[in-house]
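Visitor: I would like the atomic coordinates for the input below:
(2 chains)
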Amino acid sequence: AQKVTQAQTEISVVEKEDVTLDCVYETRDTTYYLFWYKQPPSGELVFLIRRNSFDEQNEISGRYSWNFQKSTSSFNFTITASQVVDSAVYFCALSGNMEYGNKLVFGAGTILRVKS
Amino acid sequence: NAGVTQTPKFQVLKTGQSMTLQCAQDMNHEYMSWYRQDPGMGLRLIHYSVGAGITDQGEVPNGYNVSRSTTEDFPLRLLSAAPSQTSVYFCASSYSSGAPYEQYFGPGTRLTVT
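Guide: Have a look, this model is predicted:
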């Protein structure tokens, strides 16, 4: 079975602080994909990143960076110099090596509150 | 492109009533799916489709039916609504069912069953 755990239910930071959102996953598949989605207060889901299991390079996109470590089954997300607009619910998700389908297993989400 | 559209945005049902949540996409995506979002549980897959005429169950299919007669549309039917089906429902689509590409989500339907 596949499982995604986001142990941090809610995080509060002050603007300009760095914050890391943790994601730990479980899968027996050798090929799998990991995702992060953002859900701002308006409610829509916004895709942030997709990473496959063969690519362990860290990725940086502006203030966002992702640290993928297969050894610890983790795919953590760091926001540098947080801003109020970063306040949202962030979901980590996993998609396995499927012969049929494109199913995502989501974590419970982490609520990030950035205060000015 | 409108992307993924869902109607209605809000709905209140009484226990036992039936209804259909509509979902449409104009990106010619093969893969479409329905998720429900409940507090503290993330999103859970209800049903999915890898192409017109092909559907399958996800993690929480009980009480829901789907069909896919066209590439564009993927309606979700609640057969006999129950308070446990109070949730926010998201429809999603993606380019290919062969590899898990980015899924595009609709704006959601907030359903309350009393």
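
Visitor: give me the element the one residue sitting closest to the centre of chain B is part of.
Guide: For chain B, B:W34 is the residue whose C-alpha lies nearest the centre (C-alpha atoms, centre = their mean; 2.8 Å). Per DSSP states H and E, B:W34 falls inside strand B:31-38.

Visitor: ok, back up a step: ok, for the residue nearest to the centre of chain B, nearest residue in space, not its chain neighbours?
Guide: B:I46 (4.3 Å; C-beta to C-beta, 6 or more residues apart in numbering or on different chains). (Each C-beta comes from the backbone N, C-alpha and C, glycine too.)

Visitor: contacting residues around the helix or strand containing the one you found?
Guide: Here B:I46 is covered by strand B:42-51, with elements defined by DSSP H and E. Residues from elsewhere that reach strand B:42-51 (C-beta atoms under 8 Å, 6 or more residues apart in numbering or on different chains): A:4, A:6, A:91, A:93, A:100-109, B:30-38, B:55-61, B:64-66, B:68, B:71, B:74, B:76, B:89-90, B:97.

Visitor: Now, those that are in strands?
Guide: Using DSSP state E, the members of the contacts of strand B:42-51 that fall within strands are A:4, A:91, A:93, A:105-106, B:31-38, B:55-57, B:64-66, B:76, B:89-90.

Visitor: how long is stretch B:85-101 end to end?
Guide: Start and end residues of stretch B:85-101 are separated by 28 Å (C-alpha to C-alpha, to the nearest Å).

Visitor: Off-centre distance for that stretch?
Guide: Put simply, stretch B:85-101 sits 7 Å off its chain's centre (C-alpha atoms, centre = their mean, to the nearest Å).

Visitor: Of the contacts of strand B:42-51, just the buried ones, ChimeraX syntax please.
Guide: Selection of buried members from the contacts of strand B:42-51 for ChimeraX, criterion 16 or more other C-beta atoms under 10 Å in any protein chain shown:
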select /A:4,6,91,93,101,102,103,104,105,106,107,108,109 /B:30,31,32,33,34,35,36,37,55,58,60,61,64,66,68,71,74,76,89,90,97
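
Visitor: what's the spacing between B:A52 and chain A?
Guide: The gap separating B:A52 from chain A is 15 Å, by C-beta to the nearest C-beta, to the nearest Å.

Visitor: same question, B:M32
Guide: 9 Å.

Visitor: same check, this time on B:N28
Guide: According to C-beta to the nearest C-beta, B:N28 and chain A sit 15 Å apart.
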